[in-house]
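> no sequence on this one, just coordinates:
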């Protein structure tokens, strides 16, 4: 990796101070755990004149529980989410997703907000400056064409955060602060299917927290495929939630990461009520129709396309068989 460039570090103590600092320095970026952005700065992928260190903003931290559900601060660490007793009991899919991210040292400093706002990834983009220069760059940085799909008008880099799908299956809502005040939006709607403009946040806005409705008996799980059993980003990750009813289930929810430029909440699953051959076919059809892996990772797109429904059906069976 290249040497770190020079930049200043700003350390606000409140959300308002952080937003004001970003407004005063548009080229600045928010810094939480830094496990992704620091590596990208060193590679020359992310260029900043300042980092706004959110470590002193206590408003962003903490996990609170109420009858309505959970409030998870954007500054809560992945370790805290993975080990929180309430989340492990009532929202195991969220805990499993957090526990699957990177390695223990990363989870100790990496944050919920950082993983939800994780930059999209591509084997043509996440490279050193000399490599990218030798390959004429790509449209995500300095180039004018997507190296994955050269004729496409958009970037096909993939979103690879693990937490988003596990939160989306519970109908999570993002709390976002900016110069115009605070607003809330469905977490699923906080993403756009474009590798460059993948977040539906306005310039300078900051994700403050995620609100998760009460589980109300939903069983949940998360699993992903990756090259190694640790550290690696998902080539495809699947979160499933369902409510068991007799030998079958109701209220099936599936969300996917690693396949598209945004996490995908699968629709059209109302007719699925069990694990019959017909149900399996419906699940597979919905997943293949609504996800579109491209050659953005080292794994072939077709492999990721085929393994995604396999993961989903495996999780459904596991949840049904659990006591």
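Arrived safely, thanks for sending. As the structure is a prediction and not an experimental result, all values here were calculated from the model.
> can you pull out the strands in the protein?
8-10, 29-31, 50-53, 63-66, 69-73, 173-178, 181-186, 206-213, 219-225, 236-245, 248-257, 264-265 (DSSP state E).
> Identify the residues contacting the first one?
Strand 8-10 is touched from outside by 21, 25, 28, 31, 49, 50, 51, 52, 53, with contacts defined as Cβ atoms under 8 Å, 6 or more residues apart in numbering. All C-beta spots, glycine's among them, are computed from the backbone N, C-alpha and C.
> For residue 267, state which of the residues you listed is nearest.
Closest to residue 267 out of the contacts of strand 8-10 is residue 31 (35.3 Å), distances taken as Cβ to Cβ.
> Helices of the stretch 51-200 of the chain, start to end?
Listed in chain order, the helices of the stretch 51-200 of the chain (DSSP state H, counting those that start in this stretch) span 78-83, 85-90, 92-99, 104-109, 112-116, 129-134, 163-168.
> do you know which of the ones you listed lies nearest residue 283?
Residue 283 lies closest to helix 163-168 among the helices of the stretch 51-200 of the chain, at 15.3 Å (Cβ to Cβ).
> Could you list the residues in contact with that closest one?
78, 81, 91, 93-94, 96-98, 101, 112, 115-116, 187-188, 191, 210, 212, 220, 222, 237-239, 255-257, 263-265.
> cool, stretch 239-250 as well?
93, 97, 165-166, 168-170, 216-222, 251-257, 273-275, 312, 315-316, 319-320.
> so where is the protein shaky, pLDDT-wise?
Within the chain, the stretches with pLDDT under 70 are 1.
> buried sites along the helix ranked longest in it?
Ranked by residue count under DSSP state H, the longest helix found in the chain is helix 301-321. Within helix 301-321, the residues scored as buried using 16 or more other Cβ atoms under 10 Å are 301, 304, 305, 307, 308, 309, 311, 312, 313, 315, 316, 319.
> got the angle for it vs strand 219-225?
150 degrees (axes from the mean of the first three to the mean of the last three Cα atoms, to 10 degrees).
> by contact count, what packs against helix 301-321?
strand 219-225, strand 236-245, strand 248-257, helix 277-290 (3 or more Cβ pairs under 8 Å, 6 or more residues apart in numbering; DSSP states H and E).
> most packed of the ones you listed?
Ranked by mean neighbour count under mean count of other Cβ atoms under 10 Å, the helices and strands packed on helix 301-321 are led by strand 236-245, which reaches a mean of 24.
> Show me what that strand pairs with in its sheet, parallel or antiparallel.
According to DSSP bridges, strand 236-245 forms sheet pairs with strand 219-225 (antiparallel), strand 248-257 (antiparallel).
> Dump the ones you listed to a markdown table, plus distance to residue 287.
Below are these laid out as a markdown table (distance: least, Cβ to Cβ, whole Å):
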| stretch | distance to residue 287 |
| --- | --- |
| strand 219-225 | 14 |
| strand 248-257 | 7 |
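> Quick one, which of these gets closest to residue 286.
Comparing these by Cβ to Cβ, strand 248-257 comes nearest, at 7.8 Å.
> any idea how far residue 19 is from the closest residue in space to residue 20 that isn't next to it in sequence?
Of all residues not flanking residue 20 in the chain, residue 12 sits nearest, at 7.7 Å (Cβ to Cβ, 6 or more residues apart in numbering). Noted for residue 12: a distance of 8 Å to residue 19, by Cβ to Cβ, to the nearest Å.
> Please apply the same query to residue 53.
14 Å.
> Just want to know which of the two has more residues nearby.
residue 19 (21 against 17; other Cβ atoms under 10 Å).
> Hmm, the more buried one is touching residue 180, no?
No. Shown here, residue 19 and residue 180 do not form a contact pair, counting by Cβ atoms under 8 Å, at 9.9 Å.
> Please identify the most buried of the helices of the stretch 51-200 of the chain.
Of those, helix 163-168 is the most buried (mean count of other Cβ under 10 Å), at a mean of 30.
> so how far is that one from its chain's centroid?
Put simply, helix 163-168 sits 7 Å off its chain's centre (Cα atoms, centre = their mean, to the nearest Å).
> and the end-to-end length of stretch 93-107?
One end of stretch 93-107 to the other measures 16 Å (Cα to Cα, to the nearest Å).
> what comes up buried for stretch 142-150?
Buried residues in stretch 142-150, counted by 16+ other Cβ under 10 Å: 143, 146, 147, 148.
> I figured the residue nearest to residue 20 hits residue 56, correct?
Yes. Counting by Cβ under 8 Å, residue 56 is a contact partner of residue 12 at 6.9 Å.
> Who has more neighbours out of those two?
residue 12 (19 against 13).
> picking that back up, need the max-distance pair from the contacts of strand 8-10.
Most distant of the contacts of strand 8-10, by Cβ to Cβ, are 49 and 53, 14.3 Å apart.
> circling back to that earlier point, indicate which one of the strands of the chain is closest to residue 127.
strand 29-31 (20.1 Å).
> That closest one pairs with which strands, and in what direction?
For strand 29-31, pairing defined by DSSP bridges yields strand 50-53 (parallel).
> which residues are contacting the strand it pairs with?
Here strand 50-53 has contacts from 7-12, 18, 21-22, 25, 27-31, 37, using Cβ under 8 Å, 6+ apart.
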